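S.K.: Generate coordinates for the sequence data below:
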Amino acid sequence: MTQPTDPAQDGARMDFAGAMSYGDYLHIDPLLSQQHCLSDAHDELLFIIQHQTSELWMKLVIHELTAARSALTQGDMPRMFKVLARVSRIFEQLNSQWEVLRTMTPADYTRFRESLGPSSGFQSWQYRLIEFILGNRNTHMLRPHEHVPQVHARLTAELARPSFYDEVTAHLFRTLDGNTDAMPTPVLDKPHEEHPDIRARWKIVYQDIDTHWTLYELAEKLVDLEDYFRRWRFNHVTTVERVIGFKRGTGGTSGVQYLRRMLEVELFPELWHLRGEL
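M.R.: Model (predicted):
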């Protein structure tokens with residue numbers, strides 16, 4: 001009969017009195033104590049954990065996009081490429097989470113939906129900050145956060161600086177033109193709109209990728225990121241439609257109709273539209 005393995009014989013520490021343990025480092029006990037169901041519905045715990053883990057991943061996205069923008073402004077392209085690749089993988093992880101939530105049926109959700117009150121993922125300030133960083137800026141989206149001054153201040157501060165795509169555009173013009181004189185002036189507090197001068201320069205890159213390989217790699221990293229971001233939005237729409245149909249959202253939006261309109265938002269429109277010209 002095989003004897004149970006004793007990790008201590010392999011050198012594993014077994015006594016953590018006064019020492020840093022796994023649970024101590026990750027604050028596991030406080031983390032696991034934050035799931036407070038307001039009903040006796042079995043699926044409410046799934047709903048809470050789904051959204052809490054999404055917020056944790058979004059915290060990491062913000063951390064990485066901040067690092068990517070910093071690397072770009074410092075001219076550290078290899079580091080920025082690595083970070084952007086990680087952000088795409090994070091969105092891949094976020095997409096996979098919808099598969100778990102889709103196991104919840106309309107009957108399951110109905111049992112605890114009233115417990116949510118007017119709360120909604122629409123109110124996620126981290127999601128809004130990600131959009132602001134990437135360039136989809138809508139000042140109307142500040143209003144749901146006015147009751148939390150530090151959050152409102154953080155979102156407002158992001159609107160006061162160039163977005164990540166603004167910094168990418170500046171890098172594009174500096175590299176191709178030697179300066180940013182011809183670059184369109186960024187509109188910091190509005191969603192980015194396609195500009196023909198930006199599109200024309202990306203076209204130069206795609207028509208001679210050997211000469212402009214680094215810019216080409218940057219463009220494809222951005223397309224990859226937005227591809228995963230769009231899938232995340234699409235999965236959100238289909239999950240909501242599957243669970244509540246065309247009912248209004250708990251936050252008061254039109255639900256599926258509102259989310260479908262968000263599918264039309266393009267973060268880096270020049271990179272998508274020029275493809276038909278190549």
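
S.K.: Show me what the biggest helix by length in the chain is packed up against.
M.R.: Ranked by residue count and defined by DSSP state H, the top helix of the chain is helix 213-244. The contact analysis (3 or more Cβ pairs under 8 Å, 6 or more residues apart in numbering; DSSP states H and E) places helix 213-244 against helix 77-101, helix 106-110, helix 164-177, helix 196-207, helix 256-262, helix 269-273. (C-beta placed from N, C-alpha, C; glycine too.)

S.K.: For that helix, buried residues please.
M.R.: 215-216, 218-219, 221-222, 224-226, 228-230, 232-237, 239-240, 242-244 (16 or more other Cβ atoms under 10 Å).

S.K.: how about the helices and strands packed on helix 213-244, which one is nearest Met20?
M.R.: helix 77-101 (26.5 Å; Cβ to Cβ).

S.K.: what about Ala158, how many residues close to it?
M.R.: Not quite, residue 158 is Glu, not Ala. Glu158 has 20 neighbouring residues, counting by other Cβ atoms under 10 Å.

S.K.: In space, what's closest to Gln126 - neighbours in sequence excluded?
M.R.: Leaving aside its sequence neighbours, Gln126 sits nearest to Met58 (Cβ to Cβ, 6 or more residues apart in numbering; 4.2 Å).

S.K.: I'd guessed that neighbour sits against Ile133; true?
M.R.: No - Met58 is beyond contact range of Ile133, at 11.1 Å (criterion: Cβ atoms under 8 Å).

S.K.: and for those two, which residues touch both?
M.R.: Contact with both Met58 and Ile133 is made by no residue, according to Cβ atoms under 8 Å, 6 or more residues apart in numbering.

S.K.: what's the least confident helix or strand in this protein, going by average pLDDT?
M.R.: helix 256-262 (a mean of 70; mean pLDDT, DSSP states H and E).

S.K.: OK, contacts around the closest residue to Leu278 other than its chain neighbours?
M.R.: Computed as Cβ to Cβ, 6+ apart, the closest residue to Leu278 that is not its neighbour in sequence is Tyr206, at 5.6 Å. Applying Cβ under 8 Å, 6+ apart to Tyr206 gives the contacts Tyr216, Ala219, Leu274, Leu278.

S.K.: Reformat those as TSV; add pLDDT.
M.R.: TSV is the format used below for the contacts of Tyr206 (pLDDT from 0 to 100):
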residue	pLDDT
Tyr216	98
Ala219	98
Leu274	95
Leu278	84
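
S.K.: ok, back up a step: work out the gap between the longest helix of the chain and the centre of the chain.
M.R.: Relative to the centre of its chain, helix 213-244 is centred 9 Å away, using Cα atoms, centre = their mean, to the nearest Å.

S.K.: just the angle between it and helix 77-101, please?
M.R.: Put simply, helix 213-244 runs at 10 degrees to helix 77-101, going by axes from the mean of the first three to the mean of the last three Cα atoms, to 10 degrees.

S.K.: so helix 213-244 versus helix 164-177, what angle?
M.R.: Using the same axes, to 10 degrees: helix 213-244 against helix 164-177 is 160 degrees.

S.K.: Just the pLDDT at Gly18, thanks.
M.R.: Listed pLDDT for Gly18 reads 87.

S.K.: what about Arg260, how many neighbours?
M.R.: Residues near Arg260, counting by other Cβ under 10 Å, number 15.

S.K.: List the residues that contact it.
M.R.: Val237 are the contacts of Arg260 under Cβ under 8 Å, 6+ apart.

S.K.: So what's the model's average confidence on stretch 178-195?
M.R.: Across stretch 178-195, the average pLDDT comes to 94.

S.K.: Buried residues, that stretch. List them.
M.R.: For stretch 178-195, by 16+ other Cβ under 10 Å, it's Met183, Pro186, Pro191, His192.

S.K.: can you list the residues that contact it?
M.R.: Contacts for stretch 178-195 (Cβ under 8 Å, 6+ apart): 135-139, 159-163, 165-166, 169-170, 173-174, 197-198, 265-270, 273.

S.K.: what about dumping the CA coordinates of stretch 208-228 to CSV?
M.R.: This file holds the C-alpha atoms of stretch 208-228, laid out as CSV (Å, rounded to 0.1, in the frame of the first residue of the first chain):
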residue,chain,number,x,y,z
ASP,A,208,5.8,48.8,-46.3
ILE,A,209,5.9,46.7,-43.2
ASP,A,210,9.6,45.8,-43.7
THR,A,211,10.6,49.4,-43.4
HIS,A,212,8.1,50.2,-40.6
TRP,A,213,8.2,46.8,-38.8
THR,A,214,8.0,48.2,-35.2
LEU,A,215,5.0,50.5,-36.0
TYR,A,216,3.4,47.5,-37.8
GLU,A,217,3.9,45.3,-34.8
LEU,A,218,2.4,48.1,-32.6
ALA,A,219,-0.6,48.3,-34.9
GLU,A,220,-1.3,44.6,-34.8
LYS,A,221,-0.9,44.5,-31.0
LEU,A,222,-3.6,47.2,-30.8
VAL,A,223,-5.9,45.3,-33.2
ASP,A,224,-5.4,42.1,-31.2
LEU,A,225,-6.3,44.0,-28.0
GLU,A,226,-9.4,45.5,-29.5
ASP,A,227,-10.4,42.2,-31.0
TYR,A,228,-10.5,40.6,-27.5
